[in-house]
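Enquirer: Fold the following and give me the result.
(2 chains)
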Amino acid sequence: MAKAKADAIITIEGLGKRYGDFQALTDITMEVRRSEVVCVIGPSGSGKSTLLRCLNFLEVYDPGEVRMDGELIGWEEGSANPRKPLSGAKLRDQRKNIGMVFQQFNLWPHFSALQNVAEALIQVKKLPVKEAHALARAALEKVNLGDRTDSYPSGLSGGQQQRVAIARAIAMEPRVMLFDEPTSALDPELVGEVLNVMKELASEGMTMVVVTHEMGFAAHVADRVAFLDEGRLVCCVPPKEIFAREPADSRVRAFLQTYRERNVV
Amino acid sequence: MELDLFVRYGPALLHGFGVTVLCWIAGSIGGLVLGFAIACLYHWSGKWMRWALQVYIDAVRGSPFMIQLFILYYGGPYFGLTLDPVPAGILGFIVYGSPYFAEIFRSGFQSFPKGQLEAARSVGINEWAITRRIVLPQMLVSITAPLTNFIIILTKETAILSVVTVPELLSETQTMAAETFTYVEPFLALSLFYWFMVEFTSWLGKRVEARVTRHLKRA
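Expert: Here you go, the predicted structure:
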């Protein structure tokens, strides 16, 4: 996909994350450009999801910086030793611009599909209910669920639930979308419908960071692929370099070997 | 059985029942609200606040309701708190019930799926709206039964209010028994009144349960 070389929307610098004695992320430095799709791959436990969750401060990272359009995420600008977290209101202001889709969908089961999508429009954007519902309906139509607006999550398939979750995020018109293994909890035959919606979003120029095990998606949709191993960024390069016959890095080679054995790539 | 006794003492019994119901409903609602507030505070605050709340919970749960009422009603004036029997009874009920309600709400908070909270935070919904719109309605599914159960227990605790001279059902019944030297009739009537309150509460609990589990039935 030929995209004009655009400016960086997310810059990550020297990012680290530690849980007690476990160093989950070490010195990650990378950027995501506007309208770019970056897939994050790597062995399980390599810190992919942690990295993604640092981007909207669901994980409190330290040290390092995550910036979106220049604005430091989660921490008070210029504060140090110890750093001061942003107030709740300021953090919420940042988060509403960063959409997130979770492995387990995390829909609110007591709300219908429409209510799930409309809730943040009403609570956060303070739109009147009628207007919020109209926007929510449009978002659901976009993920091909215009006919299921009144269904509760318990009456939807996994693929449909995940599409509602995508609609919930895009209805807020975020500047960036984060996907945390969006198809990992789905039956194989339902994976396609979710990936198709994501492809369409990508083609419309949405900036996306996608943690995934779907190598086909990474190979064909991503502009760049970041490979993580033991909490370190091994490389962040165009997919053809990762999925080449002989990737430069031995860790990437070993990781992809398991997929090759199953003829996935 | 002398049924004409009920004609004579009916008004007094009904009045007693009214006082009982008033203390019970006001006390239960007040206890629910205070208990929910304690649980929310516990949920959101840090170590020291939690410690203080735990002390309150343990202190109230650790003493009999009757002693609490004595302290409030007879000891209150020493601290500048002079209350009439009925307000003292209601306040006593609120304090007595609040830690039990708080613990029920706290269990609801603790068992709430973290992923749903993260989803709500990731779109920028504030914590109070999350609690009100997302947590509470779902939490009610699992806590309606224990809440109903405790409110049923409270119906019968109202009898203890008689020790601080609240003119409730038991004290009116005792008056009737003492004046007429009958025991079967007054206490039979008394049981019927309590039974009615218990049945009403469990009916209400079932209604609430049906309402909060609507979304669990497949469309």
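Enquirer: So which bits of stretch A:135-145 are buried?
Expert: Within stretch A:135-145, the residues scored as buried using 16 or more other Cβ atoms under 10 Å in any protein chain shown are A:135-137, A:139-140, A:142-143, A:145. Yep, even glycine has a C-beta here, placed from its N, CA and C like the rest.
Enquirer: With distance to residue A:103 and pLDDT as new columns, can those residues be given to me in a markdown table?
Expert: As requested, the buried residues of stretch A:135-145 are exported to a markdown table (distance: Cβ to Cβ, whole Å; pLDDT from 0 to 100):
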| residue | distance to residue A:103 | pLDDT |
| --- | --- | --- |
| A:135 | 26 | 95 |
| A:136 | 23 | 96 |
| A:137 | 26 | 95 |
| A:139 | 21 | 95 |
| A:140 | 21 | 95 |
| A:142 | 22 | 93 |
| A:143 | 17 | 93 |
| A:145 | 19 | 93 |
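Enquirer: just curious, which of those is nearest to residue A:26?
Expert: Of all these, residue A:26 sits closest to residue A:143, with 36.5 Å by Cβ to Cβ.
Enquirer: hang on, the earlier thing: between the buried residues of stretch A:135-145, which sits nearest residue B:47?
Expert: When the buried residues of stretch A:135-145 are compared against residue B:47 (criterion: Cβ to Cβ), the nearest one is residue A:136, at 40.4 Å.
Enquirer: Quick check: phi and psi at the closest one.
Expert: Main-chain torsions, residue A:136, degrees, to the nearest 10: phi -60, psi -40.
Enquirer: if I look at it, how far off is chain B?
Expert: Residue A:136 sits 12 Å away from chain B, going by Cβ to the nearest Cβ, to the nearest Å.
Enquirer: just to revisit the earlier point, turn the buried residues of stretch A:135-145 into a markdown table, including secondary structure.
Expert: A markdown table is the format used below for those (DSSP: H, G, I helix; E, B strand; the rest coil):
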| residue | secondary structure |
| --- | --- |
| A:135 | helix |
| A:136 | helix |
| A:137 | helix |
| A:139 | helix |
| A:140 | helix |
| A:142 | helix |
| A:143 | coil |
| A:145 | coil |
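Enquirer: Quick check: the farthest pair among those residues?
Expert: A:135 and A:145 (14.2 Å).
Enquirer: Other residues contacting stretch B:157-175?
Expert: Here stretch B:157-175 makes contact (Cβ atoms under 8 Å, 6 or more residues apart in numbering or on different chains) with B:9, B:12-13, B:15-17, B:19-20, B:23-24, B:65-66, B:69-70, B:72-74, B:85-86, B:88-89, B:92-93, B:96, B:186-187, B:189-190, B:193-194.
Enquirer: Show the buried residues in those.
Expert: By neighbour count, with 16+ other Cβ under 10 Å, the contacts of stretch B:157-175 hold B:9, B:12-13, B:16-17, B:19-20, B:23-24, B:65, B:69, B:72-73, B:85-86, B:88-89, B:92-93, B:96, B:186, B:189-190, B:193-194 as buried.
Enquirer: From these, which land in helices?
Expert: Under the assignment DSSP state H, those contribute B:9, B:12-13, B:16-17, B:19-20, B:23-24, B:65, B:69, B:85-86, B:88-89, B:92-93, B:96, B:186, B:189-190, B:193-194 to helices.
Enquirer: Residue 119 sits in which helix or strand?
Expert: No chain specified, so I'll use chain A. helix A:113-123 (DSSP states H and E).
Enquirer: Actually, chain B is the one I wanted.
Expert: Residue-wise, residue B:119 maps onto helix B:114-122 under DSSP H and E.
Enquirer: what about that helix, average pLDDT?
Expert: The average of the pLDDT scores along helix B:114-122 is 95.
Enquirer: CA-only coordinates of it, as CSV, when you get a sec.
Expert: Output in CSV follows, covering the C-alpha atoms of helix B:114-122 (Å, rounded to 0.1, in the frame of the first residue of the first chain):
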residue,chain,number,x,y,z
LYS,B,114,-11.8,-6.0,35.0
GLY,B,115,-12.0,-6.1,31.2
GLN,B,116,-15.3,-4.2,31.2
LEU,B,117,-13.8,-1.5,33.4
GLU,B,118,-10.8,-1.2,31.0
ALA,B,119,-13.1,-0.9,28.1
ALA,B,120,-15.0,1.9,29.8
ARG,B,121,-11.8,3.7,30.8
SER,B,122,-10.4,3.3,27.3
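Enquirer: Helix A:113-123 and that one, what's the angle between them?
Expert: 40 degrees (axes from the mean of the first three to the mean of the last three Cα atoms, to 10 degrees).
Enquirer: Give me the distance from helix B:114-122 to the chain's centre.
Expert: 32 Å (Cα atoms, centre = their mean, to the nearest Å).
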